[in-house]
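Peer 1: Okay, here's the prediction I keep looking at, along with the sequence it came from:
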Amino acid sequence: MKNIHRTRNPFRFNSLILFLSASLIFTACQANEEIRGEEYAVLTHAPAVPASIERDYPTKVIIELETTERVGRLADGVEYTFWTFGGEVPGKFIRVREGDLVEFHLNNRPDSKMPHNIDLHAVTGPGGGAASSFTAPGKGTIFSFTALNPGLFIYHCATAPVGMHIANGMYGLILVEPKEGFPPVDREYYVMQSEFYTGGAYGEGGLQPFDMGKALLETPDYVVFNGSVGSLTGDNAIVANVGETVRLFVGNAGPNLVSSFHVIGEIFDIVYVEGGTVANQKNVQSTLIPAGGSAIVEFRVDVPGTFLLVDHSIFRAFNKGALGMLTVHGEQQPEIYSGLQKERVYLPEGGGIQVIQGEELPVPVLSGAEKIEEGGRLYSQNCAACHQPEGQGIAGAFPPLAGSDYLLADSQRAIGIVVNGLSGPIVVNGETYNGVMPGVLLSDSDIANILTFVLNSFGNEDGEIFAEDVARVRAQH
Ligand SMILES: [Cu+2]
């Protein structure tokens with residue numbers, strides 16, 4: 001830079017040459033920026049993301065991160081001894097700028113049992129820093145690196161046995177913002193997928209040990225976002241308003257599985273595939289995120305409602321925990337999405353023509369027994385996967401409908417549950433459940449039939465729900 005400043009113009013200055021040399025200096029500054037000043041990084045717990053970087057020059061960034069080992073909640077009634085970066089799973093989100101000199105301070109709490117280190121995929125150097133950051137309990141280590149490549153990178157512990165340190169929760173994301181930054185958006189969130197391998201099956205209560213055998217077979221009991229079942233659902237849902245643009249920084253820590261990341265009811269307008277800095281894909285339904293990789297997705301939310309974040313390897317979402325929620329507030333936008341407009345009777349084998357051409361047929365009035373029969377069919381299609389074929393539920397995960405004191409105390413309340421879904425703690429037959437039931441997209445009469453079936457099956461005595469009851473509940477919302 002100094003050389004360029006000293007460059008002499010052999011001719012008289014004129015405005016053109018002034019302009020040319022000014023742009024030369026500007027280009028030179030961009031190519032070879034000098035580190036200026038120093039600051040401590042502000043780190044955040046998921047789903048929060050640190051504010052975007054306003055600096056237009058590189059600086060020395062000091063990062064303080066503490067490794068801990070502590071018991072925490074994996075699911076309701078299920079505990080696990082998590083090993084963490086910063087006290088939570090996933091580890092804290094780090095945000096620096098391309099060209100920054102990062103001085104990393106890794107501290108391991110004295111009450112840890114294990115040594116830990118850190119491999120940041122943003123590091124150019126042996127082990128991604130792991131070789132220089134092996135830190136025994138009660139010790140601290142320091143190493144530095146220059147963030148040469150911008151992008152969204154995973155970091156994780158790489159102390160042997162590496163798989164076990166990752167499986168126990170030691171991972172997070174570091175974003176190296178490109179010099180020119182990212183385009184501004186209204187909301188940014190931090191989402192990290194990972195697996196847990198527990199001694200007991202999904203939902204089995206108590207403090208669960210790590211299961212090495214299942215880890216080797218790559219058959220996790222839990223696949224979750226942000227470290228536990230329900231960390232992004234109900235009251236923990238991430239939020240946005242109609243018309244806003246949302247950017248998700250999504251990581252997949254594995255340790256084994258690849259994620260087919262999808263948001264139900266949304267299309268990613270832009271994907272920075274694999275966490276690189278080129279907005280290189282548009283209009284994507286599901287994006288593949290490798291284990292130890294990431295993606296940045298952006299989308300404008302156009303209509304209100306609840307949008308589910310899932311791994312579209314779908315049993316992971318509804319049976320192993322890989323389910324999050326984005327709640328979008330705002331006015332309905334019927335020109336984009338109408339909602340249910342009409343419910344019609346469909347008569348195959350010719351009868352259907354009547355519906356298409358003429359007056360819509362009234363929904364047939366079913367007798368009590370017919371309602372129960374029809375409801376049973378709909379129950380097996382829509383409810384049995386969670387509440388089980390005999391309504392017995394799954395301990396710790398899905399409450400029973402057979403003999404449920406919660407259901408039988410107020411069958412009208414059950415309508416609202418089926419229509420709108422339910423989340424947050426409830427007590428059924430003395431057991432607390434804190435899961436998420438998504439609202440069911442069925443017609444008023446279908447829901448009436450299902451609930452009538454449930455009230456007359458599995459040892460439940462009796463009761464009848466009518467389509468008008470369902471319509472009334474729906475209208476209240
Ligand atoms: Cu570790």
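Peer 2: Okay, I see it.
Peer 1: Give me the three-state assignment for the closest residue to the ion within the stretch 351-477 of the chain.
Peer 2: Per Cβ to the ion, residue 396 is where the stretch 351-477 of the chain lies closest to the ion, at 28.4 Å. (Each C-beta comes from the backbone N, C-alpha and C, glycine too.) Here residue 396 is recorded as coil under DSSP: H, G, I helix; E, B strand; the rest coil.
Peer 1: State the distance from residue 118 to residue 293.
Peer 2: Distance, residue 118 to residue 293, using Cβ to Cβ, to the nearest Å: 17 Å.
Peer 1: burial measure for residue 371, as a count.
Peer 2: 23 (other Cβ atoms under 10 Å).
Peer 1: scratch that, residue 475
Peer 2: Residue 475: 7 neighbours (other Cβ under 10 Å).
Peer 1: rewinding a little: residues in contact with the residue of the stretch 351-477 of the chain closest to the ion?
Peer 2: 75, 76, 77, 78, 203, 204, 205, 431, 433 (Cβ atoms under 8 Å, 6 or more residues apart in numbering).
Peer 1: okay, residue 118 and residue 293: which has more neighbours?
Peer 2: Set residue 118 next to residue 293 and count neighbours by other Cβ under 10 Å: residue 118 wins out with 31 against 21.
Peer 1: which residues touch residue 57?
Peer 2: 33, 34, 36.
Peer 1: Show the pLDDT at the second one.
Peer 2: At residue 34, the predicted lDDT confidence score is 92.
Peer 1: Tell me the secondary structure at it.
Peer 2: Applying three-state DSSP: residue 34 is coil.
Peer 1: I figured residue 71 was touching residue 83, is that so?
Peer 2: No - using Cβ atoms under 8 Å, residue 71 is not in contact with residue 83, being 11.1 Å away.
Peer 1: on that earlier part again, weed out the non-buried ones from the contacts of residue 396.
Peer 2: 75, 76, 77, 78, 203, 204, 431, 433 (16 or more other Cβ atoms under 10 Å).
Peer 1: what does the stretch 101-250 of the chain put close to the ion?
Peer 2: 116, 157, 159, 165, 170 (Cβ under 5 Å from the ion).
Peer 1: hang on, the fourth one in a strand?
Peer 2: When you say that, I think you mean residue 165. No - counting by three-state DSSP, one finds residue 165 to be helix, located in no strand.
Peer 1: Could you find the closest non-adjacent residue to it?
Peer 2: residue 157 (3.9 Å; Cβ to Cβ, 6 or more residues apart in numbering).
Peer 1: Next, the contact list for that neighbour, please.
Peer 2: 67, 83, 85, 116, 117, 118, 119, 165, 166, 170, 171.
Peer 1: before we move on, back to that, more neighbours: residue 71 and residue 83, which one.
Peer 2: residue 83 (24 against 10).
Peer 1: which parts of the helix or strand hosting that one are buried?
Peer 2: Here residue 83, judged by DSSP states H and E, is contained in strand 78-85. Of the residues in strand 78-85, 78, 80, 81, 82, 83, 84, 85 count as buried by neighbour count, 16+ other Cβ under 10 Å.
Peer 1: With stretch 448-464 instead?
Peer 2: Applying 16+ other Cβ under 10 Å to stretch 448-464 flags 448, 449, 450, 451, 452, 453, 454, 455, 456, 457, 458, 460 as buried.
Peer 1: and it, how far out from the chain's middle?
Peer 2: Averaged C-alpha coordinates place stretch 448-464 at 36 Å from its chain's average position (Cα atoms, centre = their mean, to the nearest Å).
Peer 1: Quickly find the element holding the nearest residue to residue 452 once chain neighbours are set aside.
Peer 2: Excluding its sequence neighbours, the residue lying closest to residue 452 (Cβ to Cβ, 6+ apart) is residue 371, at 4.8 Å. Residue 371 belongs to helix 368-382 when assigned by DSSP H and E.
Peer 1: And that helix, what does it pack against?
Peer 2: helix 444-455 (3 or more Cβ pairs under 8 Å, 6 or more residues apart in numbering; DSSP states H and E).
Peer 1: for this structure, longest strand please?
Peer 2: In the chain, with assignment by DSSP state E, the single longest strand is strand 60-75.
Peer 1: now it and strand 78-85, what's the angle there?
Peer 2: 170 degrees (axes from the mean of the first three to the mean of the last three Cα atoms, to 10 degrees).
Peer 1: residues of strand 60-75 that come out buried?
Peer 2: 61, 62, 63, 65, 66, 67, 68, 69, 73, 74, 75.
Peer 1: who touches the closest residue to the last one other than its chain neighbours in this structure?
Peer 2: Excluding the flanking residues, the one nearest residue 75 by Cβ to Cβ, 6+ apart is residue 229, at 3.9 Å. Contact analysis of residue 229 by Cβ under 8 Å, 6+ apart lists 74, 75, 76, 78, 222, 321, 435.
Peer 1: Save the buried residues of strand 60-75 as CSV, and put in pLDDT and distance to residue 259 too.
Peer 2: Converted to CSV, the buried residues of strand 60-75 look like this (pLDDT from 0 to 100; distance: Cβ to Cβ, whole Å):
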residue, pLDDT, distance to residue 259
61, 98, 29
62, 98, 32
63, 98, 26
65, 98, 25
66, 98, 28
67, 98, 25
68, 98, 26
69, 97, 26
73, 97, 22
74, 97, 19
75, 95, 19
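Peer 1: Nearest to the ion among these?
Peer 2: The ion has its nearest neighbour among these in residue 67, at 6.4 Å by Cβ to the ion.
Peer 1: who does the closest one bridge with?
Peer 2: residue 85, residue 108 (DSSP bridges).
Peer 1: Make JSON lines from the buried residues of strand 60-75 and add distance to the ion to it.
Peer 2: As requested, the buried residues of strand 60-75 are arranged in JSON lines below (distance: Cβ to the ion, whole Å):
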{"residue": "61", "distance to the ion": "23"}
{"residue": "62", "distance to the ion": "22"}
{"residue": "63", "distance to the ion": "17"}
{"residue": "65", "distance to the ion": "12"}
{"residue": "66", "distance to the ion": "12"}
{"residue": "67", "distance to the ion": "6"}
{"residue": "68", "distance to the ion": "10"}
{"residue": "69", "distance to the ion": "9"}
{"residue": "73", "distance to the ion": "20"}
{"residue": "74", "distance to the ion": "18"}
{"residue": "75", "distance to the ion": "23"}
